[in-house]
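*Asks:* Attaching a predicted model along with its sequence, questions to come.
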Amino acid sequence: MSAGGKRNPDKDERRARLAEIQAAQQRADRRRTRLIALVVGLVVLALAVPTTVLIVNAQRQAAAAQAAASAPIEGEEVVEVPSATHVIEDVPYPTPTAAADEGQALPPVGGDHDPVVQNCGFYAEPVRSENAVHSLEHGAVWLTYRPGLDDEQVATLRGLAEENPYLLVSPFDQLASDVVATAWGVQLELDSALDERLAPFLLRYLQGEQTPEPGAPCDGGVGG
């Protein structure tokens with residue numbers, strides 16, 4: 001307060017802004033730590049070797065994944081998202097012609113969506129795309145898998161979802177490949193849950209630069 005007992009609004013504003021910057025930095029640090037742990041966990045799940053060798057290989061693979069995440073990832077499709085309006089009705093999301101011609105489908109990469117997010121986490125049943133797209137807008141990555149995928153791969157995907165609060169995992173009917181990774185405006189068809197391109201994709205796009213509303217919640221919506 002000033003000598004007259006009045007608060008200095010400029011000083012209060014600077015103090016509030018500093019607190020906001022510090023909080024944002026702390027969130028970024030926590031996010032970075034979670035992502036590195038996520039990659040190491042993914043590599044550990046993929047390797048079946050003695051403990052010492054496993055740890056060394058995991059560290060090397062994590063470093064390689066971080067390097068790969070800084071460049072375009074082989075096979076990823078970047079799609080322009082023209083609109084992101086909140087709507088109540090179902091949205092006729094387009095499917096690429098090649099997939100549609102073969103009777104297959106791919107999750108939407110963005111667009112108009114439900115006002116309520118799909119809570120991130122693991123689901124054993126399909127989720128509504130309109131809610132999942134809202135989660136993408138908040139920086140989530142949506143990992144979809146073919147119904148009937150073997151239990152080991154599903155367990156790997158479940159483990160990843162449990163390790164990161166911005167990962168959404170669910171089955172998707174008539175999926176064009178065994179696993180598909182989707183972020184806002186970006187998509188990658190994967191050969192399996194252990195595809196080596198998955199870790200770089202997660203590092204690059206979980207809360208990535210493409211996110212329209214980074215840091216917005218991926219909980220408090222619908223789903224378990």
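*Replies:* Cool, the structure landed. Note that this is a predicted model, so its numbers are computed, not measured.

*Asks:* Below-threshold pLDDT in the chain: ranges please.
*Replies:* By pLDDT under 70, the low-scoring segments of the chain are 1-70.

*Asks:* where along it do the helices fall?
*Replies:* 9-46, 51-68, 97-101, 129-137, 151-163, 198-205 (DSSP state H).

*Asks:* Tell me which other helices or strands the fifth one touches.
*Replies:* Yep, that's helix 151-163 we're talking about. Judged by 3 or more CB pairs under 8 Å, 6 or more residues apart in numbering; DSSP states H and E, helix 151-163 is in contact with helix 9-46, strand 121-122, strand 141-145, strand 167-171. (Glycine included, C-beta is placed from N, CA and C.)

*Asks:* ok, the nearest residue to E76 once chain neighbours are set aside - contacts?
*Replies:* Ranked by CB to CB, 6 or more residues apart in numbering and with sequence neighbours excluded, the top spatial neighbour of E76 is L188, at 4.4 Å. Residues in contact with L188 (CB atoms under 8 Å, 6 or more residues apart in numbering) are 73, 75-77, 180-182, 197, 201.

*Asks:* List the ones among these that fall in strands.
*Replies:* Among these, the residues falling in strands (DSSP state E) are 77, 180-182.

*Asks:* tell me which residues form a beta bridge with the residue nearest to E77 when sequence neighbours are not counted?
*Replies:* In space, not counting the residues next to it along the chain, E77 is nearest to Q187; the distance is 5.0 Å by CB to CB, 6+ apart. For Q187, the beta-bridge partners are E77, T182 (DSSP bridges).

*Asks:* Q187 reaches V180, doesn't it?
*Replies:* Yes. Q187 is within contact range of V180, at 6.5 Å (criterion: CB atoms under 8 Å).

*Asks:* anything in contact with each of these two?
*Replies:* The contact lists of Q187 and V180 share 106-107, where a contact means CB under 8 Å, 6+ apart.

*Asks:* Looking at the two, which one has more neighbours?
*Replies:* Using other CB atoms under 10 Å as the criterion, Q187 and V180 rank with Q187 on top: 24 against 20.

*Asks:* residue contacts, that one?
*Replies:* 76-77, 79, 106-107, 109, 180-181.

*Asks:* Which ChimeraX command selects the buried ones in these?
*Replies:* This is how ChimeraX selects the buried members of the contacts of Q187, with burial counted by 16 or more other CB atoms under 10 Å:
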select :76,79,106,107,109,180,181
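
*Asks:* so which of the contacts of Q187 comes closest to A132?
*Replies:* Of all the contacts of Q187, A132 sits closest to P107, with 7.1 Å by CB to CB.

*Asks:* contacting residues for the closest one?
*Replies:* Contacts of P107 were listed using CB under 8 Å, 6+ apart, and they are 129, 132, 142, 144, 172, 180, 182, 187.

*Asks:* The nearest residue to N131 once chain neighbours are set aside pairs with what?
*Replies:* Excluding the flanking residues, the one nearest N131 by CB to CB, 6+ apart is Q118, at 3.8 Å. Legend: beta-bridge partners of Q118 under DSSP bridges are V222.

*Asks:* Relative to E162, how far out is Q118?
*Replies:* 16 Å (CB to CB, to the nearest Å).

*Asks:* Those two: which is more packed in?
*Replies:* Q118 (27 against 13).

*Asks:* Pretty sure that one sits against S135.
*Replies:* Yes. Using CB under 8 Å, Q118 is in contact with S135, at 4.9 Å.

*Asks:* Overlap of the contact sets of these two?
*Replies:* Residues touching both Q118 and S135 (CB under 8 Å, 6+ apart): 168, 221.
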